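Colleague: Have a look at this fold, sequence not included:
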């Protein structure tokens with residue numbers, strides 16, 4: 001299943017926002033998700049809080065990340081989140097495989 005590195009910017013670090021974020025992500029860590037997150041979303045690592053800006057990070061897997069739109073937009077409407085960046089990530093075996101592919105492509109071109 002595809003894995004994603006998720007960066008979520010928080011509205012601010014006020015007590016109300018932080019409690020909402022801690023509750024939401026704490027529940028997600030326990031496997032408790034709101035009704036509008038798909039059942040195949042699996043939190044793999046994190047969340048971690050940045051010490052440099054109002055941002056949290058976590059890694060999850062999901063077949064179709066577009067199915068997280070409603071849950072994310074709801075947190076924006078609730079004033080917890082500002083924006084996010086989802087980055088599709090590949091495990092190290094995939095990186096090695098890609099490296100071999102590039103090397104073979106280069107050898108054929110020579």
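Modeller: Thanks, I have it. None of these values were measured; they are calculated from a predicted model.
Colleague: next one: the top helix by length along the chain to chain centre, how far?
Modeller: Assignment by DSSP state H gives helix 92-109 as the longest helix of the chain. Centre-to-centre, helix 92-109 and its host chain are 27 Å apart (C-alpha atoms, centre = their mean, to the nearest Å).
Colleague: Let me see the mean pLDDT of that helix.
Modeller: Averaging pLDDT along helix 92-109 gives 88.
Colleague: who does it touch, helix- and strand-wise?
Modeller: On a contact count with 3 or more C-beta pairs under 8 Å, 6 or more residues apart in numbering; DSSP states H and E, helix 92-109 meets no helix or strand. Heads up, the C-betas are built off the backbone N, CA and C, glycines and all.
Colleague: Mind listing residues that contact the lowest-mean-pLDDT helix or strand in the chain?
Modeller: In the chain, no helix or strand scores lower on mean pLDDT, DSSP states H and E than helix 92-109, which sits at a mean of 88. Applying C-beta atoms under 8 Å, 6 or more residues apart in numbering, the contact partners of helix 92-109 are residue 90.
Colleague: does the closest residue in space to residue 49 that isn't next to it in sequence sit in a helix or strand, and which one?
Modeller: What sits nearest to residue 49 in space, not counting adjacent residues and going by C-beta to C-beta, 6 or more residues apart in numbering, is residue 56, at 5.5 Å. Using DSSP states H and E, residue 56 falls within strand 55-61.
Colleague: So which bits of that strand are buried?
Modeller: 55-56, 58-60 (16 or more other C-beta atoms under 10 Å).
Colleague: Pretty sure residue 6 sits against residue 86.
Modeller: Yes. With contacts counted by C-beta atoms under 8 Å, residue 6 reaches residue 86, the gap being 5.6 Å.
Colleague: With neighbour numbers in mind, choose between these two.
Modeller: residue 6 (19 against 16; other C-beta atoms under 10 Å).
Colleague: so where's the protein shaky on pLDDT?
Modeller: Residue ranges of the chain with pLDDT under 70: 110.
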